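S.K.: After the sequence you'll find the predicted model.
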Amino acid sequence: MRLLTRLVRPLQFQKQIPPLAENIREEERYIEKIKSRYTTKSTDGSVISTLHRLNSSQRSFFEEINAINSRLPPMKLNCRISLLMPASGEENHIENTLEGWTKQCDIFGNPLEKDLFEILLLVNRPNKAIKWDETAGKARRYAARNGLNVHVIEHSFNFPEEPIEKNGALIGRGVRMGLIFRMLGDLGTIRSVRRGMGCHLMHPTGADVYARNPYFLAEVFDKFSTQETGFLKLKFDLPAGICTHMPLLWALQRYRLALADAYFEGQQLKRHGVFRTSTYAKVGGFSPTAPVGEDTDFGLKILNARTKVVECADISVIDNPRRSLSTIIDGKKLIEEYSGFGIKDGAVKEFSIAGFLARGLPPEAIFTRENFAFHASAHFRAYIRKALKKDDFEHAFPIAEESAGKALLETGFLQEDFEIIKGTSVSACGIRIIGGDNIGNAFADYIKQDRPAWME
């Protein structure tokens, strides 16, 4: 169903909200905090490690971001949102991702004015040992052909592959996605401050998105047409064609989403959403030390600040399933799909979905009771460990057990189809699947669902 049937303020998303002085002041205060905190003279271990990862401590955080902004054209006066898009080794996916923004429509299905948004594309490599690819060049050429406001920034981070010590600070190994999105978020904030209108939005997003709702920005602008909204929670899904080809992935996706909702009682903001730049400034931006999972960390800040959160009515994004598929086919647990992220995930980057669809499913990817239980048990144990942070094993297990039971029912199993096993330790706990006729019926219903073509 098109967004037109639900909107009651036609075209309001195209109107500029008048300058909002308090939003501007919030953004300005945030920039001043960056200037004073992240300096090369700091003795704070967190600051030392952040600047080392950013630029080998050559200059302060503000100087780095300000220098980048000085090389970009200023934000257009009618730009409503900056899309924060990091890209590392995405030469095979960047054009498809940008196409999703080229096809954005207003509520009547007409092409959306492209000056209403800009894309801050941070083409990066984790360290200088990794070679550049054609991501930046392809993005520039695509933007030029299609009239998109894509601002390409190329940057080499200094993420160590093993822990090192620098000026008395221990710098852990691996990519820090919090720093990558902090760099983009702070750049968007500086650009908003320089424009001085106080009505700017930001949205962190990926460079390998499989497909995007063509009415996505129309709904975003409508949801933020009132000043009270601070954060927009999005809805994500996987490609229907791939889930139909691989029922195991369909079932595991339903299960892990339902498990998170049950455990956090629907209060967790686990994925990147859309937020006001002033909201970003108020909560302190992304934590630069956060590894993969920076979205959950930022979501907790949003909830703790009692920000008004609203939710999209429609599916917003179809995720690229390459990482999940690669993990399952390799015989690894799905919950481990981000191990080695950013530095040692070349196999994921090279994974061909077209090739996957053209061949039969390997044994690890077939829906069987054992295969589902293998992955579901790993997720279940992860939630026991989450509960253990607040309680001992005897109290933590029932919390995770109840959440897993609800998730399995939500996935499509009946109560008699599964058994949740309590061992003497977390590693001995798990899930056993006994039956599965009902989930087969749920999958058949999924196949029959009507979907817009962009979701396939």
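M.R.: Thanks, I have the structure now. Residues are numbered from 1 along each chain as shown.

S.K.: what's the domain layout of this structure?
M.R.: Per the record, the chain has its domains at 17-234+271-316, 322-455, by automatic domain parsing.

S.K.: ok, of those domains, where does mean pLDDT dip lowest?
M.R.: Of all the domains of the chain, mean pLDDT reaches its minimum on domain 322-455 (a mean of 90).

S.K.: distance between the helix or strand hosting F356 and the chain's centre?
M.R.: Applying DSSP states H and E as the criterion places F356 in helix 353-358. Helix 353-358 has its C-alpha centroid displaced from the chain centroid by 24 Å (C-alpha atoms, centre = their mean, to the nearest Å).

S.K.: Next: stretch 318-326.
M.R.: Distance of stretch 318-326 from its chain centroid, counting by C-alpha atoms, centre = their mean, is 13 Å.

S.K.: Identify the residue spatially nearest to F181, adjacent ones excluded.
M.R.: F286 (4.5 Å; C-beta to C-beta, 6 or more residues apart in numbering). C-betas here are computed from N, CA, C, even on glycine.

S.K.: Look up phi and psi at that neighbour.
M.R.: Dihedral pair for F286: phi -70, psi 150, per degrees, to the nearest 10.

S.K.: how close does it sit to T368?
M.R.: 40 Å (C-beta to C-beta, to the nearest Å).

S.K.: Repeat that for I107.
M.R.: For I107, the distance to T368 equals 45 Å [C-beta to C-beta].

S.K.: Of the two, which one has the most company?
M.R.: I107 (23 against 13; other C-beta atoms under 10 Å).

S.K.: need the strands for the chain, in chain order.
M.R.: 81-87, 117-125, 150-156, 164-166, 169-171, 201-204, 211-212, 231-233, 236-237, 274-276, 309-311, 317-318, 418-421, 430-433 (DSSP state E).

S.K.: which strands and helices sit next to the third one?
M.R.: Right, strand 150-156. strand 117-125, helix 135-146 (3 or more C-beta pairs under 8 Å, 6 or more residues apart in numbering; DSSP states H and E).

S.K.: got a list of contacts for the longest one?
M.R.: By that I understand helix 135-146. Residues outside helix 135-146 that contact it (C-beta atoms under 8 Å, 6 or more residues apart in numbering): 87-91, 94-95, 98-99, 102, 119, 121, 123, 148-150, 152, 154, 207.

S.K.: ok, now the first one?
M.R.: The list of residues contacting strand 117-125 from outside it, by C-beta under 8 Å, 6+ apart, reads 75-76, 79-89, 98, 101, 104, 131-132, 135-136, 139, 143, 148-157, 180, 183-184, 187-188, 207, 217.

S.K.: Given it, what are its sheet partners and their directions?
M.R.: Paired with strand 117-125 in the same sheet, following DSSP bridges, are strand 81-87 (parallel), strand 150-156 (parallel).

S.K.: Redo those as a markdown table? Include mean neighbour count and distance to A358.
M.R.: Conversion of the strands paired with strand 117-125 to a markdown table gives the following (neighbours: other C-beta atoms under 10 Å; distance: least, C-beta to C-beta, whole Å):
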| stretch | mean neighbour count | distance to A358 |
| --- | --- | --- |
| strand 81-87 | 24 | 27 |
| strand 150-156 | 18 | 32 |
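
S.K.: Let me know which of those strands is the nearest to Y263.
M.R.: Closest approach to Y263 among the strands paired with strand 117-125 is made by strand 81-87 (27.9 Å; C-beta to C-beta).

S.K.: follow-up on the earlier one: right, so of the helices and strands packed on strand 150-156, which gets closest to V292?
M.R.: Closest to V292 of the helices and strands packed on strand 150-156, according to C-beta to C-beta: strand 117-125, at 14.8 Å.

S.K.: Need the CA coordinates for the closest one. CSV is fine.
M.R.: The C-alpha trace of strand 117-125 is given here as CSV (Å, rounded to 0.1, in the frame of the first residue of the first chain):
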residue,chain,number,x,y,z
PHE,A,117,18.9,15.0,0.8
GLU,A,118,22.7,14.6,0.6
ILE,A,119,24.8,11.4,1.0
LEU,A,120,28.0,11.7,3.0
LEU,A,121,29.9,8.6,1.7
LEU,A,122,32.9,7.7,3.8
VAL,A,123,35.0,5.4,1.6
ASN,A,124,37.4,4.0,4.1
ARG,A,125,39.9,1.2,4.8
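
S.K.: Run the chain-centre distance for that strand.
M.R.: With C-alpha atoms, centre = their mean, you get 15 Å for strand 117-125.

S.K.: got it, and stretch 88-102?
M.R.: With C-alpha atoms, centre = their mean as the basis, stretch 88-102 stands 15 Å off its chain's centre.

S.K.: all helices in the stretch 251-400 of the chain, in order from the N-terminus.
M.R.: Taking DSSP state H, counting those that start in this stretch as the test, the helices found in the stretch 251-400 of the chain are 277-283, 294-304, 322-329, 346-349, 353-358, 369-388, 393-411.

S.K.: State the number of residues packed around the nearest residue to P321 once chain neighbours are set aside.
M.R.: Leaving aside its sequence neighbours, P321 sits nearest to L238 (C-beta to C-beta, 6+ apart; 5.1 Å). Using other C-beta under 10 Å, L238 has 21 other residues around it.
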